[in-house]
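Peer 1: turn this into a model:
(one chain, ligands or ions: 1)
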Amino acid sequence: MEVSLPMRIMSSLFLVGLVCFIIHLYRTILLRSQRMKRKLRMQGIKGPSPSFLYGNLSEMQEIQSRAMKAENHGDIVAHDYTSSIFPYFEHWRKQYGLIYTYSTGFRQHLYVNDPEMVKEMNLSLSLDFGKPTYMTKRLGPMLGNGIIRSNGHVWAQQRKIIAPEFFMDKAKGMVELMVESAQPLLRKWEQYIEALGGSQAEIRVDEDLRGLSADVIARACFGSSYLKGNEIFSKLRTLQTLITKQSILFGITSFGFFANKNHKMKKSLETEIDSLIWETVKEREKQCLDKRNTDKDLMQQLLEEALNNSNSSNSNFSPKRFIIDNCKNIYFAGHEATSTAATWCMMLLALYPDWQSRIREEVTQFCNDGLDANSLSNLKTALRLYPPGAFVSREALEQVQIGKITVPKGVCIWTLIPTLHRDPNLWGPDANEFRPERFADGVSKACKFAQAYIPFGVGTRLCVGRNFAMVELKVVLSLIVSQFTFSLSPNYQHSPAFRMIVEPEHGVQILIRKV
Ligand code: HEM
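Peer 2: Okay, here's the model as predicted:
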């Protein structure tokens, strides 16, 4: 059959277009990734050999599935969980040392667990050293372009508004509110025990602690109670589960029917959460108009800042998005990590009951200033062995200098917090053990390198809520320990799992009694 001239021209144009597209892809993606790799290798940084299209992805998956098969189910509580959750990082660390490079597809990564380099990262003030965009892109439905995800000047502006709300004096001013929020949980546990004849009850603590942290953050920052914020929190949690079903770290995009369904569910949850937050904001706005209300909380600060900026010349600024996104960020960051830290701490205290007695004695002795009870140094230990945030992640948004390494633009940097926290070269041969007394004279005496203790991250992106979280943890744990004694339930299954933070997959069950 004769092909017409216009058809022939069309197909030739199509072919030329396709070839140009492939050349463009080759030049921008493949060559760029090879350039990054070369620049790192020229500085003596080694790493596993990547395959052409997938980099080291298939090796990562292979190491992961080998580790899952080899998991030791007999060992009830093995504190070192990095080798089961992130086995590929451990595997390569043994082979290539504390700094190495690897790739996922055309993306180049730099693993950095050298304390000297972590110190350098801590010192870097550059706005070009931001959060990895490919990873935060997936968190978009959950966090919008708020403080956790954003980079550059947008991030700096948000940080300036939010950080002062969590300074130590503000956090200490929240103690009364935290004590009030804890009362329903304490009563609930007491009622459980009474209902079972008054001696002992089995309780799953993680859900209750999550509810408590949510109440604290909702009341402290947004002037609303947990009941009101309950829907927002539970929808955020569902969204978090959906997002972490896909591997954030591997950076693979899934396709097909399930991916599409997943995408639709995420979109509809995002819309629901946004409108729920906007309703809360509108209510708050009415209260703001009341001039007698002088005690401003975070939401009021955000509202004022949004109003100020809406009059500015920046046409890209949307006051509504600014408020909603940052509320979502604080709702999420403010309660998930704190309640998970409290849960791990309860697990460790249940395992080491003598530390419960020590805290109880000190809280009674210094009841006027229970917040400073020394025995609560086990909190530091819990955050050392079970830091809810598993890693510090950064991307070189432009070429940056970190210590002696020049990091090319586009490279993502990963520092594994739990690995640094359990390095025997820094903490001694008992690095994996629960020994809170090592913190008796501070972090600098507990570890050869104080910068190696980083449960709240490093540098300019250090957690804004760290003071708030520490005060809350001390208040809540002091209250629980002064009223109850507890041990681990035989139903407890040790199961650290990564879902944006490292949490117990099957919860923490304890056997609890009144003191
Ligand atoms: C024990 C509890 C907590 C832990 C372990 C924790 C840990 C972390 C970590 C590891 C980071 C990343 C830092 C980095 O990339 O260098 C972070 C960031 C952040 N955290 Fe927390 N956090 C906790 C509680 C809180 C609370 C209570 C709030 C708010 C009320 C909060 C708000 C934030 C925010 C907004 C960021 C992003 C900061 C930025 O990028 O500028 N966190 N947190």
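
Peer 1: going by C-alpha atoms from here, please, whenever you check contacts or count neighbours.
Peer 2: Noted.

Peer 1: what about the residue nearest to residue 267 when sequence neighbours are not counted, neighbour count?
Peer 2: Counting by CA to CA, 6 or more residues apart in numbering, residue 267 lies nearest to residue 141, which is 6.9 Å off, once chain neighbours are set aside. Residue 141 is flanked by 24 other residues according to other CA atoms under 10 Å.

Peer 1: can you check residue 114 too?
Peer 2: Counted with other CA under 10 Å, residues neighbouring residue 114 total 14.

Peer 1: wait, what's in contact with it?
Peer 2: Residue 114 makes contacts with 98-99, as judged by CA atoms under 8 Å, 6 or more residues apart in numbering.

Peer 1: can you check the one 4 residues further on too?
Peer 2: Under the criterion of CA under 8 Å, 6+ apart, the contact partners of residue 118 comprise 112, 415, 451-452, 458.

Peer 1: ok, residues contacting whichever strand or helix holds residue 153?
Peer 2: In this assignment (DSSP states H and E), residue 153 forms part of helix 152-162. Residues outside helix 152-162 that contact it (CA under 8 Å, 6+ apart): 127-128, 130, 146-148, 298, 301-302, 305, 464.

Peer 1: can you tell me which of those is closest to residue 184?
Peer 2: residue 298 (24.6 Å; CA to CA).

Peer 1: the closest one and residue 466, how far apart?
Peer 2: Using CA to CA, to the nearest Å, we find residue 298 at a distance of 16 Å from residue 466.

Peer 1: residue 45: what secondary structure?
Peer 2: What DSSP: H, G, I helix; E, B strand; the rest coil gives for residue 45 is coil.

Peer 1: for it, which non-adjacent residue is closest in space?
Peer 2: Leaving aside its chain neighbours, residue 45 sits nearest to residue 100 (5.6 Å; criterion: CA to CA, 6+ apart).

Peer 1: can you tell me the element that neighbour falls in?
Peer 2: In this structure, residue 100 sits in strand 99-104 according to DSSP H and E.

Peer 1: just residue 235 next, same as before
Peer 2: helix 226-245.

Peer 1: mind listing what the residue most central in space within the chain touches?
Peer 2: The residue lying closest to the centre of the chain (CA atoms, centre = their mean) is residue 389, at 4.1 Å. Residues in contact with residue 389 (CA under 8 Å, 6+ apart) are 337, 417, 455-456, 500-502.

Peer 1: what is the lowest-pLDDT residue among those residues?
Peer 2: Lowest pLDDT of those: residue 500, 85.

Peer 1: gap between it and the ligand?
Peer 2: 11 Å (CA to the nearest ligand atom, to the nearest Å).

Peer 1: check what pLDDT the residue nearest to residue 267 gets.
Peer 2: Listed pLDDT for residue 141 reads 88.

Peer 1: that one sits in which helix or strand?
Peer 2: Take DSSP H and E as the rule and residue 141 turns out to sit in helix 140-143.

Peer 1: helices or strands up against that helix?
Peer 2: For helix 140-143, the packing partners by 3 or more CA pairs under 8 Å, 6 or more residues apart in numbering; DSSP states H and E come out as helix 226-245, helix 257-289, helix 319-351.

Peer 1: now the stretch 151-300 of the chain against the ligand: closest residue?
Peer 2: Across the stretch 151-300 of the chain, the shortest distance to the ligand (CA to the nearest ligand atom) belongs to residue 159, at 5.8 Å.
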